[in-house]
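Enquirer: sequence-free structure coming up:
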Ligand SMILES: [Zn+2]
């Protein structure tokens, strides 16, 4: 299938952060083959099967959500206004233990749909059992980095099964899926289990997804036990020998910043979740100033309480200015890079997606800018971060396939998904 998008204002998110006022994008199969500023010979010669007129719309790379737990939509607005440890151990885990595989499937389908509806084309997901997540990714045709299972069926053979599992899914489905090993957190896994996960990731050639230094209790607990920070302990156990996406990183020492930098760890900044759980505010201005790869995550819908990625971008641009009383920090262009290229790098797709350039995979969104709150469009970068709403995302394309058009989901049944999740919530909550 050859798809041509015409008359779009294009934000390619290239190195120069250029803007194309009225441009053409040609997609052949899964790949971007044209990005042109005018109707060139190449555009005229492009024999498209389908043309989308994007007049009044802005084309951007799709957003990359580097931390989520999609099935937790079931627990939306349940267990609110509690600190992290009471919320997790008192509310989330006891209810999650009652989830059937079917519940997880429908909750995850809702979570992925909600993300697509705010422009997410690539996501990191961490949930159990992870093979259900993989099925959902295939059904939605979204790009994803899935964190492999917490546990395997047979403890005797856990290590071999674990390696086989992450190897099997890594780079599968036309390259849409990357698989990572998982360490939930230093306070929920033993040293032995952490070391085994690192060995598995090394053997399978994958990365790692982990929560690090989210709330003060984690720092206190680990310091009391080892007289070191969680970051220092995880480094000493070899975790950062593999490419790592560390969610949160709210409570860091100077030494922890050194480790982030030295080990090229990608941070998944989750501002709404950190605020709602009262965990604190990560020092993103310092991370950016030190050249650390910071990306953006929604976290689960139970700690957020929505998976609207555009709201996370807005939050990212706002809280650090207020927190540091400095409006110069975390500017709009930086937020857009965090949401696209930095996220793609974090999830191992840096060479394929994150910008709209010839040769890259066609993961892009069209934003309807014919809205009161986007008029006038004086600065498209500022508009995307400070004025845009998730519901302005009109069309979502991943790997050259249309996942949503005119806000209608193309591949999944929105009503059926909502119906089933409502039914599950009625039973469990
Ligand atoms: Zn999380």
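Expert: Perfect, thanks for sending it. Computed from a prediction, not measured in an experiment: that's the story for all the values here.
Enquirer: what strand or helix carries residue 394?
Expert: strand 393-398 (DSSP states H and E).
Enquirer: swap that for residue 43, please
Expert: helix 41-45.
Enquirer: ditto for residue 163
Expert: Here residue 163 is assigned to helix 158-169, by DSSP H and E.
Enquirer: which residue ranges of the stretch 251-400 of the chain form strands?
Expert: Shown for the stretch 251-400 of the chain, the strands assigned by DSSP state E, counting those that start in this stretch span residues 266-269, 294-296, 364-368, 393-398.
Enquirer: nearest to residue 346, of those strands?
Expert: For residue 346, the closest of these is strand 266-269, at 3.5 Å, according to CB to CB. (Each C-beta comes from the backbone N, C-alpha and C, glycine too.)
Enquirer: got the contact list for the closest one?
Expert: Counting by CB atoms under 8 Å, 6 or more residues apart in numbering, strand 266-269 makes contact with 66-67, 124, 243-249, 260, 282, 284, 287, 292-297, 316, 338, 342, 345-346, all of which sit outside it.
Enquirer: which ones among those map onto helices?
Expert: Among the contacts of strand 266-269, the residues falling in helices (DSSP state H) are 260, 284, 287, 316, 345-346.
Enquirer: from the residues you listed, which is closest to residue 365?
Expert: residue 316 (17.8 Å).
Enquirer: ok, back up a step: give me the mean pLDDT for the strand holding residue 394.
Expert: The pLDDT scores in strand 393-398 average 98.
Enquirer: what's the following helix or strand after it?
Expert: Downstream of strand 393-398, the next assigned helix or strand under DSSP H and E is strand 401-405.
Enquirer: what packs against that next one?
Expert: Judged by 3 or more CB pairs under 8 Å, 6 or more residues apart in numbering; DSSP states H and E, strand 401-405 is in contact with helix 101-117, strand 393-398.
Enquirer: what angle separates it from strand 393-398?
Expert: 160 degrees (axes from the mean of the first three to the mean of the last three CA atoms, to 10 degrees).
Enquirer: who are the neighbours in contact with the residue nearest in space to the middle of the chain?
Expert: Closest residue to the average C-alpha location of the chain: residue 65 at 1.4 Å, with CA atoms, centre = their mean. By CB under 8 Å, 6+ apart, the contact list for residue 65 reads 115, 120, 122-124, 296-298, 307, 309, 312, 343.
Enquirer: all strands of the stretch 101-250 of the chain, in order?
Expert: Under DSSP E, counting those that start in this stretch, the stretch 101-250 of the chain gives strands at 120-126, 143-147, 177-183, 207-212, 244-248.
Enquirer: tell me the angle the last one makes with strand 177-183.
Expert: In this structure, strand 244-248 runs at an angle of 60 degrees to strand 177-183, with the same axes, to 10 degrees as the basis.
Enquirer: what's strand 244-248 packed up against?
Expert: Using 3+ CB pairs under 8 Å, 6+ apart as the test, strand 244-248 ends up in contact with strand 63-68, strand 207-212, strand 266-269.
Enquirer: just how off-centre is the lowest-mean-pLDDT helix or strand in the chain within its chain?
Expert: Lowest by mean pLDDT, DSSP states H and E among the helices and strands of the chain is helix 84-86, with a mean of 87. Here the centre of helix 84-86 is set off from its chain's centre by 23 Å, with CA atoms, centre = their mean, to the nearest Å.
Enquirer: one more: stretch 170-187?
Expert: 13 Å.
Enquirer: what residues of that stretch count as buried?
Expert: For stretch 170-187, the neighbour count (16 or more other CB atoms under 10 Å) marks 170, 172, 176-187 as buried.
Enquirer: out of those residues, which is nearest to residue 48?
Expert: Nearest to residue 48 among the buried residues of stretch 170-187, with distances taken as CB to CB, is residue 176, at 23.4 Å.
Enquirer: skipping adjacent residues, who's closest to that closest one in space?
Expert: residue 143 (5.1 Å; CB to CB, 6 or more residues apart in numbering).
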